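Chemist: the sequence and its predicted three-dimensional model are supplied below.
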Amino acid sequence: MPKKKIKAIEALEQAQKIAFAPFVFQTTISLRKLGVLDYLFENGTNGGTTLEELSEAISVSEYGLSVLLEIAESSDIVEKHPDGTYELTKTGYFLNYNKMTEANLNFTQDVCYQGLFHLHESIVKGEPSGLKELGPWPTVYEGLSQLPPHIQKSWFEFDHFYSDEIFGEALPLVFRHEPKTLFDIGGNTGKFAVLCAKYNPDVQVKIFDLPGQLKKALANAKENGLEDRISGQEIDWLSENPQIQKGADTIWMSQFLDCFSKDEILRILKTCVHSMDNATQLIIIETYTDRQKFDNARFTLEATSLYFTALANGNSKMYKATEFIELIEKAGLTLEEDVQVGEFHTMLVCKKA
């Protein structure tokens, strides 16, 4: 897309913001943890808060608060009035209270921050060199169920924020053809499988996932009293010859294929094609970088690609829809429907060619 021309002094200022971006990020994390942003918002109607008042209220030294608030003011997170009082800006408000921003911040801090130090090494080697900051696994997915609780929580909240919102809209589309057997590929915590079973009392759902995730998903199904209609099969799509059985009316993949390289995606799709008959629908849900209405959404997806590079597996990313459509055709599928779902997602409905 065309870029706006800016003056050299503006470009230099932007360059410094990038150079010190980690400082601003960690300042934001600290201000949130200390409760500074909460306090400023809650007391914003009182004409602002002085440094002394803030220090006494949250029991942090004036020095510590001063260094945080000074860079926060320069970064438009807080505003300092001529009388020396501080107030939360709109940017500060969204950093503290917007659910999407919260999910992004926690994911970056808890899951990605230390691993991103190894991004250059990951690019050069073609492997997730930053993953060693989380654990000794070849990809993050093998270790997901073993992550410390706070890291696991941030990972799932990030993942669920960008998937759960579309389930309600997707379910009527999935069940238009009244599938009796649905395969949920990469079922994660089993949330979609449970929703399917509650939405349609006749459907049988089978989840295919790694052992750790599958155990969690089936436990979730049992907690909901649906163990008689939700089953599972352990599968490692990176093994030599992964297979799924025939018999599905619908094969569902939501934000699953972006966890793989193009060659791996093609192999997964061909495996699914082998299990399909002419009536089987294969549904792919993804957030494509070339299907976003707003620049900040595309930016978020492109940043997420670096998580895949440095930590997840070293070879996947958030793809363009055009790339997926090409892979779909190469796998022996035809694209029957191309539907926008929610604010960020696209549903591609495929049949066997």
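Modeler: Good, I have the coordinates. Predicted model only: the values in this text are computed from it and were never measured.
Chemist: which positions in the lowest-mean-pLDDT helix or strand in the chain come out as buried?
Modeler: Every helix and strand of the chain was ranked by mean pLDDT, DSSP states H and E. The lowest is helix 140-143, at a mean of 91. Of the residues in helix 140-143, those buried by neighbour count under the rule 16 or more other C-beta atoms under 10 Å are 140, 141, 142, 143. (C-beta placed from N, C-alpha, C; glycine too.)
Chemist: what's the answer for stretch 321-332, then?
Modeler: With burial defined by 16+ other C-beta under 10 Å, the residues of stretch 321-332 counted as buried are 321, 324, 325, 327, 328, 331.
Chemist: I figured the second one hits residue 258, correct?
Modeler: Right, the one you point to is residue 324. No. Shown here, residue 324 and residue 258 do not form a contact pair, counting by C-beta atoms under 8 Å, at 9.1 Å.
Chemist: which residues do the two both contact?
Modeler: residue 286 (C-beta atoms under 8 Å, 6 or more residues apart in numbering).
Chemist: which is the next helix or strand following the least confident helix or strand of the chain?
Modeler: Using DSSP states H and E, the helix or strand that follows helix 140-143 towards the C-terminus is helix 149-161.
Chemist: residues in contact with the next helix or strand after that following helix: which ones?
Modeler: Past helix 149-161, heading to the C-terminal end, the next element that is a helix or strand (DSSP H and E) is helix 167-174. With contacts defined as C-beta under 8 Å, 6+ apart, helix 167-174 is touched by 182, 191-192, 195-196, 199, 250, 252, 254, 283, 285, 339, 341-342, 347.
Chemist: and the least confident helix or strand of the chain, what does it pack onto?
Modeler: With contacts defined as 3 or more C-beta pairs under 8 Å, 6 or more residues apart in numbering; DSSP states H and E, helix 140-143 has no helix or strand neighbours.
Chemist: and the pLDDT at the closest residue in space to residue 107 that isn't next to it in sequence?
Modeler: Nearest in space to residue 107, with sequence neighbours left out and distances taken as C-beta to C-beta, 6 or more residues apart in numbering, is residue 158 at 3.7 Å. In the predicted model, residue 158 carries a pLDDT score of 93.
Chemist: please tell me I have it right and residue 158 contacts residue 104.
Modeler: Yes. With contacts counted by C-beta under 8 Å, residue 158 reaches residue 104, the gap being 7.0 Å.
Chemist: neighbour count winner among the two?
Modeler: Neighbour totals were compared for residue 158 and residue 104, and residue 158 leads with 23 against 18 (other C-beta atoms under 10 Å).
Chemist: number of nearby residues for residue 82?
Modeler: When neighbours are counted by other C-beta under 10 Å, residue 82 registers 5.
Chemist: before we move on, what SS does it have?
Modeler: In the three-state summary, residue 82 is assigned as coil, counting by DSSP: H, G, I helix; E, B strand; the rest coil.
Chemist: roughly how far apart are it and residue 47?
Modeler: Between residue 82 and residue 47 the distance, using C-beta to C-beta, to the nearest Å, works out to 12 Å.
Chemist: repeat for residue 202
Modeler: Going from residue 202 to residue 47 by C-beta to C-beta gives 62 Å.
Chemist: what of residue 22?
Modeler: According to C-beta to C-beta, residue 22 and residue 47 sit 33 Å apart.
Chemist: the strands in the protein, which residues?
Modeler: Using DSSP state E, the strands found in the chain span residues 78-80, 86-88, 181-185, 204-209, 230-234, 250-254, 281-286, 333-341, 345-352.
Chemist: one step back: residues touching the residue nearest to residue 107, list them.
Modeler: 103, 104, 106, 107, 111.
Chemist: if you set the cut-off to 10 Å instead, what comes out?
Modeler: Residue 158 is in contact with 100, 102-108, 110-112, 304, 307, counting by C-beta atoms under 10 Å, 6 or more residues apart in numbering.
Chemist: thinking again about what came up before, widest-spaced pair of the contacts of helix 167-174?
Modeler: 191 and 339 (21.0 Å; C-beta to C-beta).
Chemist: comparing the two, which residue is more hemmed in?
Modeler: Residue environment comparison for residue 191 versus residue 339 gives the larger neighbour count to residue 191, 19 against 14, counting by other C-beta under 10 Å.
Chemist: so the more buried one sits against residue 165, correct?
Modeler: No. Between residue 191 and residue 165 no contact is recorded; they are 11.8 Å apart, counting by C-beta atoms under 10 Å.
Chemist: now, the contacts of residue 158 that are in helices?
Modeler: Within these, membership in helices is found for 100, 102, 103, 104, 105, 106, 304, 307, as judged by DSSP state H.
Chemist: pick out the most distant pair among the residues you listed.
Modeler: In terms of C-beta to C-beta, the ones in helices among the contacts of residue 158 reach their longest pairwise distance at 102 and 307, which sit 16.9 Å apart.
Chemist: between the two, tell me which one has more neighbours.
Modeler: Using other C-beta under 10 Å, the more surrounded residue of residue 102 and residue 307 is residue 307, with 25 against 18.
Chemist: give the contact list for that one.
Modeler: Taking C-beta under 10 Å, 6+ apart as the definition, contacts of residue 307 comprise 107-108, 111-112, 115-116, 119, 128, 130, 140, 155, 158, 313, 316-318.
Chemist: so who does residue 136 touch?
Modeler: By C-beta under 10 Å, 6+ apart, the residues touching residue 136 are 142, 143, 146.
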